[in-house]
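Visitor: whatever this is, show me its structure:
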Amino acid sequence: MSQNWMRHFELQLVDGNGQGIELSDFKVTFTIDWFNISSASRVGTIKIYNLSADTVNRITGREFSKVRLIAGYDGIAPEVSASDVGIVREVDAADVARVMAATTD
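Guide: As a prediction, the model looks like this:
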């Protein structure tokens, strides 16, 4: 039986003191689009499913100052303990457009 690389994912919302919440246990999908490879302009879409009303209120409020997307691979279990994990993108929360949808995918 082949062994697949184990994926690692974290979505963190942090405040000015570096404290916050991690939403990695939820179903989360994301894409990052590169419109012009020669510029730093990127647009990311992050969808978080099944959040409680309290968590939605915290996310859509002004409590958090940064959104941090971390992804990579934890290695081939159990033979390899190495990992390749890093911050994919960290943005100021002020640059985040909040869109709430009641639709299902």
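
Visitor: only C-alpha atoms for contact and neighbour calcs from this point on.
Guide: Fine.

Visitor: surely residue 55 is in a helix?
Guide: Yes - judged by DSSP: H, G, I helix; E, B strand; the rest coil, residue 55 forms part of a helix.

Visitor: sketch out the low-pLDDT regions of the protein for me.
Guide: 1-5, 37-40, 75-84, 86, 89-90, 93-105 (pLDDT under 70).

Visitor: show me the strands in it, by range?
Guide: Assigned by DSSP state E, the chain shows strands spanning 5-14, 20-22, 28-34, 42-48, 66-76, 84-92.

Visitor: of these, which is nearest residue 54?
Guide: Closest to residue 54 of the strands of the chain, according to CA to CA: strand 20-22, at 12.5 Å.

Visitor: what are the contacting residues of that closest one?
Guide: Residues from elsewhere that reach strand 20-22, judged by CA atoms under 8 Å, 6 or more residues apart in numbering: 10-14, 64.

Visitor: neighbour count added to those residues, as CSV?
Guide: Conversion of these to CSV gives the following (neighbours: other CA atoms under 10 Å):
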residue, neighbour count
10, 20
11, 21
12, 19
13, 23
14, 19
64, 22
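
Visitor: who's residue 48 bridged to?
Guide: Beta-bridge partners of residue 48, counted by DSSP bridges, are residue 28.

Visitor: my guess is it meets residue 25, correct?
Guide: No - under the criterion of CA atoms under 8 Å, residue 48 is not in contact with residue 25, lying 10.0 Å apart.

Visitor: thanks again, I'm all set now.
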